[in-house]
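Trainee: predicted structure and sequence below. I'll ask about it afterward.
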Amino acid sequence: MIELTDVQRRMLRTVLGLGAEGASRALSRWLGMDVRLTLGEVEQVDLEAAAGALGPPESLVAACAMGLTGGLGGSMLLCFEDRAGLALADLLLRQPVGTSAEWGEVERSAAMETANIVGCAYLNALAAHLPAGADSGLAPTPPTFLHEFAGSLIEFAVMGQAAELDRVLLAGTTFEAAGAGDLGWTLLFVPDAPSLAALAAALDGSA
Amino acid sequence: MPNDPAAPVVPVAIGRWAVAAAPAQLRTLLGSCVGVALHDRAAKVGGLAHVVLPDSRGDVAHPGKYADTAIPALIADIERAIRGKAAGRLVAKLAGGASMFQTGPDPPSRNIGRMNQEAVEAILAALRIPILGRDLGGEGGRNMILDPATGRVWIRSPGGDGREI
Amino acid sequence: MKRLLIVDDALFMRRLIAGVAREAGWDVAGEAGDGAQAVAMYSELKPDLTTMDLVMPVMGGLEALARIRELDPDARVVVITAVDQKQSVMDAIRLGALDFVVKPFDRDRVASLLRKVAGREERPPDA
């Protein structure tokens, strides 16, 4: 598979959109406030364009990185600049935003569990829309917390596609809170090449 | 770190290469890809390639992506810049080739970093271009800067520490 | 007082569950961060109930659940996970889980579950 067909792209976008809705509900419950996830463009872009998906490649981001298991390969990354990530920890710890000044064990754990919940919500939606048997319990792997250059992080994530494809697909989701605007977090869903092909085939019924 | 913060910086994107003369500097952000810095000391000209994969297998559409096509293309552009042949004039420094943080049983990029490194080293050896410095492997990204005025290459890690190779 | 073993790789989630448990009158006997630790601690502590996450390093929750139930066929384990898929629910119940709670959970859901398990204990056995 070199390029997704139009139908496949729209189906993938639709299902990931359902994932974003499910994740919105889960995250709103998790944070105790209304949060909406918005799925961006779902399309194949050249490597250079992909590298800028999290902003200037040399900027530093914090990320909770998860792999995919249960029939799919690739990764999901919940990314944010430190300040926005620590704000997430504050929300979960039910303390004023700005209280957490650095990434201690609890702050990291709060961010990672959020990544787990959001990642699972997406995969739950995918699983619900794949033909029975196409998955065997889609789940993320336990998250890893890291700081990385935005460009390097994306480079690692797209390698699973870059070996076989000239144009790569990353589905990015942004987060908005009612009254607070953009929270400054991004969730990237980056399947590897075989999984992208399998998803495309499963979703358009050609599997 | 880099001598002159005011020097113009030419960014090199993934799968691309660029050539610049002093005082400009060249910069690229690396993961599992390998950054190949070539320097012509006499001309104060440098080139930086951001190699994604080891072998083009005949793909001609994306020369910068593969070690076997990117390095010759980079050298050709250096020769244009110096208006002469590069043979015997160039030295190399390499960085990158890292593996991704472990997120699964066998992440593909764990091998790609190593394969890129081996391909680049083999090609440079065949071209008789000596490799004067390396910062390869590991698990983190790298911010790589080449200064064509001096041939110096600095590497910065996400944790902030920088080193020269 | 009823004793609980909490199994989850996230410190933050373990604290959350511990809070609900204490409010419901349970004692947190131990906490484990992965499935292997869970099995080891189960043998050591013999808790009245275990909460089990599924996605964990070293050993996942389904395997830990299976091993605990093998060690102790009367082991009471409740799965608490963000994975909400038919396959996972079926696997967990088939392996002997008492219940399957989806994260993010309602505190009341978990609290009433704990009370029910505690209550069940105190009923005299059927004649």
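Mentor: Yep, that arrived. Model, not experiment: these values are computed from the prediction.
Trainee: going forward, measure contacts between C-alpha atoms and count neighbours the same way
Mentor: OK.
Trainee: what does chain C put close to chain A?
Mentor: Contact residues, chain C versus chain A (CA under 8 Å from any CA of the partner chain): C:9-13, C:55-57, C:82-85, C:87-88, C:103-104.
Trainee: closest one to chain B out of those, please.
Mentor: C:P57 (10.3 Å; CA to the nearest CA).
Trainee: what pLDDT does the closest one get?
Mentor: Reading off the confidence values, C:P57 has pLDDT 96.
Trainee: now the top helix by length along chain B: mean pLDDT?
Mentor: Longest helix in chain B by number of residues (criterion: DSSP state H): helix B:109-126. Taken as a whole, helix B:109-126 carries a mean pLDDT of 90.
Trainee: before we move on, the earlier item: flag the least confident of the residues of chain C next to chain A.
Mentor: In terms of pLDDT, C:Q87 ranks lowest among the residues of chain C next to chain A, with 89.
Trainee: hmm, A:G137 and that one touching each other?
Mentor: Yes. Between C:Q87 and A:G137 there is a contact under CA atoms under 8 Å: 5.7 Å.
Trainee: more neighbours, these two?
Mentor: Counted by other CA atoms under 10 Å in any protein chain shown, C:Q87 and A:G137 do not tie: A:G137 has more neighbours, with 22 against 16.
Trainee: ok, and the closest non-adjacent residue to that one?
Mentor: A:G70 (5.1 Å; CA to CA, 6 or more residues apart in numbering or on different chains).
Trainee: the residues of chain C next to chain A in helices, which ones?
Mentor: C:11-13, C:87-88.
Trainee: neighbour-wise, which of these leads?
Mentor: Top of these by neighbour count (other CA under 10 Å): C:F12, with 23 neighbours.
Trainee: my guess is that one contacts A:A111. True?
Mentor: No. Judged on CA under 8 Å, C:F12 makes no contact with A:A111 at a distance of 9.0 Å.
Trainee: so which bits of chain A are right by chain B?
Mentor: Residues of chain A found near chain B (CA under 8 Å from any CA) are A:47-48, A:51, A:57-58, A:60, A:65-69, A:75, A:141-144, A:147-149, A:151-153, A:155-157, A:159-160, A:163.
Trainee: what does chain A have sitting close to chain C?
Mentor: Going by CA under 8 Å from any CA, the residues of chain A near chain C are A:26-27, A:29-30, A:105-106, A:109-110, A:112-113, A:116-117, A:120-121, A:124, A:127-128, A:136-142.
Trainee: re earlier: and the gap between the residue nearest to A:G137 and A:V118?
Mentor: For A:G70, the distance to A:V118 equals 17 Å [CA to CA, to the nearest Å].
Trainee: what's the helix or strand that contains C:S112 in contact with?
Mentor: Using DSSP states H and E, C:S112 falls within helix C:107-122. Contacts to helix C:107-122, defined as CA atoms under 8 Å, 6 or more residues apart in numbering or on different chains, come from residues C:2, C:20-21, C:23-24, C:26, C:49, C:101.
Trainee: from the contact counts, what lies against the lowest-mean-pLDDT helix or strand in chain B?
Mentor: Lowest mean confidence among the helices and strands of chain B (mean pLDDT, DSSP states H and E): helix B:109-126, at a mean of 90. In terms of contacts (3 or more CA pairs under 8 Å, 6 or more residues apart in numbering or on different chains; DSSP states H and E), helix B:109-126 is packed against helix A:150-162, strand B:34-40, helix B:67-82.
Trainee: in it, which residues are buried?
Mentor: Buried residues in helix B:109-126, defined by neighbour count with 16 or more other CA atoms under 10 Å in any protein chain shown: B:109-110, B:112-117, B:119-121, B:123-124.
Trainee: thinking again about what came up before, among the residues of chain A next to chain C, the buried ones, what's the ChimeraX command?
Mentor: Per 16+ other CA under 10 Å, the buried members of the residues of chain A next to chain C correspond to this ChimeraX selection:
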select /A:26,27,29,30,106,109,110,112,113,116,117,120,121,124,127,128,136,137,138,139,140,141,142
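Trainee: burial count for the nearest residue to B:F101 once chain neighbours are set aside?
Mentor: Excluding its sequence neighbours, the residue lying closest to B:F101 (CA to CA, 6+ apart) is B:E139, at 6.1 Å. B:E139 is flanked by 18 other residues according to other CA under 10 Å.
Trainee: wait, is B:E139 part of a helix?
Mentor: No. According to DSSP: H, G, I helix; E, B strand; the rest coil, B:E139 belongs to no helix; its state is coil.
Trainee: other SSEs contacting the helix or strand hosting A:S109?
Mentor: Using DSSP H and E, A:S109 falls within helix A:105-129. When contacts are defined as 3+ CA pairs under 8 Å, 6+ apart, helix A:105-129 sits against helix A:6-31, strand A:60-69, strand A:74-80, helix A:82-92, strand A:139-140, strand A:144-149, helix C:11-23.
Trainee: residue 3: what's it in contact with?
Mentor: Answering for chain A, as no chain was given. Residues in contact with A:E3, defined by CA under 8 Å, 6+ apart, are A:44, A:167.
Trainee: I was thinking of chain C, sorry if that wasn't clear
Mentor: C:26-29, C:47-49.
Trainee: sitting in strands, which of the residues you listed do you find?
Mentor: Residues of the contacts of C:R3 located in strands (DSSP state E): C:27-29, C:49.
Trainee: now render the residues you listed as JSON lines, adding neighbour count and distance to chain B.
Mentor: Converted to JSON lines, these look like this (neighbours: other CA atoms under 10 Å in any protein chain shown; distance: CA to the nearest CA, whole Å):
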{"residue": "C:D27", "neighbour count": "17", "distance to chain B": "35"}
{"residue": "C:V28", "neighbour count": "20", "distance to chain B": "31"}
{"residue": "C:A29", "neighbour count": "18", "distance to chain B": "31"}
{"residue": "C:L49", "neighbour count": "23", "distance to chain B": "31"}
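Trainee: of all those residues, which comes closest to A:T174?
Mentor: C:V28 (37.5 Å; CA to CA).
Trainee: for that closest one, what are its contacts?
Mentor: Here C:V28 is in contact with C:3-6, C:18, C:21-22 (CA under 8 Å, 6+ apart).
Trainee: of those residues, which is the most crowded?
Mentor: Of these, with other CA under 10 Å as the count, C:I6 tops at 28 neighbours.
Trainee: residue contacts, that one?
Mentor: C:I6 neighbours (CA under 8 Å, 6+ apart): C:14, C:17-18, C:28, C:30-32, C:50-52.
Trainee: next, the angle helix C:11-23 makes with the helix or strand that contains it.
Mentor: Using DSSP H and E, C:I6 maps to strand C:3-7. Interaxial angle of strand C:3-7 relative to helix C:11-23 (axes from the mean of the first three to the mean of the last three CA atoms, to 10 degrees): 160 degrees.
Trainee: show me how far strand C:3-7 is from its chain's centre.
Mentor: A distance of 6 Å separates the centroid of the chain from that of strand C:3-7, by CA atoms, centre = their mean, to the nearest Å.
Trainee: what is the mean pLDDT for that strand?
Mentor: pLDDT averaged over strand C:3-7 gives 98.
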